[in-house]
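*Asks:* give me a 3D structure for the following:
(2 chains)
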Amino acid sequence: DQQVKQNSPSLSVQEGRISILNCDYTNSMFDYFLWYKKYPAEGPTFLISISSIKDKNEDGRFTVFLNKSAKHLSLHIVPSQPGDSAVYFCAASARTGGSYIPTFGRGTSLIVHP
Amino acid sequence: EPEVTQTPSHQVTQMGQEVILRCVPISNHLYFYWYRQILGQKVEFLVSFYNNEISEKSEIFDDQFSVERPDGSNFTLKIRSTKLEDSAMYFCASSGSGTGGSYTQYFGPGTRLTVL
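*Replies:* Numbering: from 1, shown residues only, chains lettered A, B, ... in the order given. This is a model prediction of the structure:
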């Protein structure tokens, strides 16, 4: 039961261009969304988040867009840099006991070519 | 910058043996978590811990698993009798009190568990 889906297992982008990573969810109770970046042999690193009361959140080169009606969110990285090459996980959570346990997607491997 | 640490980085064990994975969460965090990622699969939630007790657990977290906060800094995951399918990366995470951005969980580097 994939409540959070990242349908593209990989994405290849040229340095300087925009990277767009997509994520779909099915549970309408989700109200907090996060993107994590993961390098090999390291744990996931928090990148950016958005709550369901917003439709956009921006942090430097990273912008997350949320379309609640479509149950879709996306992460835009612009301009993309070779150091952005990593696996990106989308995660979604609903308020449960105050701990906001996230459900993760399977990840999208981003490769940014110099 | 404070970070979550985990030891060991790699643990190899025989099937049926007990293993204890250790984590030191970020010092002012109140919620603690264990996740696992089987090779090639997604990150899966195992258990959350708050106020010295389990607050949530997944169906993966059966009687073979237990967690403990033995002192003010460590958070451990014990697997009593390991099975081959327990081979995975185990990630510890912690988060703050739940207001604003502190819902965000910060992950450790992981322990790779290999069960032979």
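
*Asks:* hmm, stretch A:46-55 touching chain B?
*Replies:* Yes: contact of stretch A:46-55 with chain B (C-beta under 8 Å from any C-beta of the partner chain) involves A:Phe46, A:Ser49. C-beta coordinates here come from the backbone N, C-alpha and C atoms, glycine included.

*Asks:* now do that stretch, average pLDDT.
*Replies:* Across stretch A:46-55, the average pLDDT comes to 93.

*Asks:* next: stretch B:6-15.
*Replies:* Rounded mean pLDDT across stretch B:6-15 is 96.

*Asks:* which non-adjacent residue is nearest the residue of chain B found nearest chain A?
*Replies:* Proximity of chain B to chain A (C-beta to the nearest C-beta) peaks at B:Phe107, 3.6 Å away. In space, and not counting its chain neighbours, B:Phe107 is closest to A:Gly43: 3.6 Å by C-beta to C-beta, 6 or more residues apart in numbering or on different chains.

*Asks:* next, that neighbour: secondary structure please.
*Replies:* What DSSP: H, G, I helix; E, B strand; the rest coil gives for A:Gly43 is coil.

*Asks:* so it touches B:Thr111, yeah?
*Replies:* No: using C-beta atoms under 8 Å, A:Gly43 is not in contact with B:Thr111; the gap is 10.0 Å.

*Asks:* could I get the average pLDDT for stretch B:96-103?
*Replies:* For stretch B:96-103, the mean confidence score works out to 59.

*Asks:* oh sorry, the question was meant for stretch A:89-109
*Replies:* 82.

*Asks:* mind listing what's buried in that stretch?
*Replies:* A:89-94, A:99-108 (16 or more other C-beta atoms under 10 Å in any protein chain shown).

*Asks:* what's the span of that stretch, first residue to last?
*Replies:* 9 Å (C-alpha to C-alpha, to the nearest Å).

*Asks:* now chain B, which segments are flagged as low pLDDT?
*Replies:* B:97-103 (pLDDT under 70).

*Asks:* up against chain A, what does it have?
*Replies:* B:4, B:6, B:31, B:33, B:41-45, B:48, B:50, B:55-56, B:91, B:93, B:95, B:98, B:101, B:103-110.

*Asks:* one step back: separation between the residue of chain B closest to chain A and B:Pro2?
*Replies:* Here the criterion is C-beta to C-beta, to the nearest Å. By it, B:Phe107 lies 13 Å from B:Pro2.

*Asks:* comparing those two, which shows the higher neighbour count?
*Replies:* Neighbours per residue, other C-beta atoms under 10 Å in any protein chain shown: of B:Phe107 and B:Pro2, the larger number sits with B:Phe107, 22 against 11.

*Asks:* and that one, what is it in contact with?
*Replies:* A:Tyr36, A:Gly43, A:Pro44, A:Thr45, A:Phe46, B:Val4, B:Tyr35, B:Phe91, B:Cys92, B:Ala93 (C-beta atoms under 8 Å, 6 or more residues apart in numbering or on different chains).

*Asks:* if you set the cut-off to 7 Å instead, what comes out?
*Replies:* Counting by C-beta atoms under 7 Å, 6 or more residues apart in numbering or on different chains, B:Phe107 makes contact with A:Gly43, A:Pro44, B:Val4, B:Phe91, B:Ala93.
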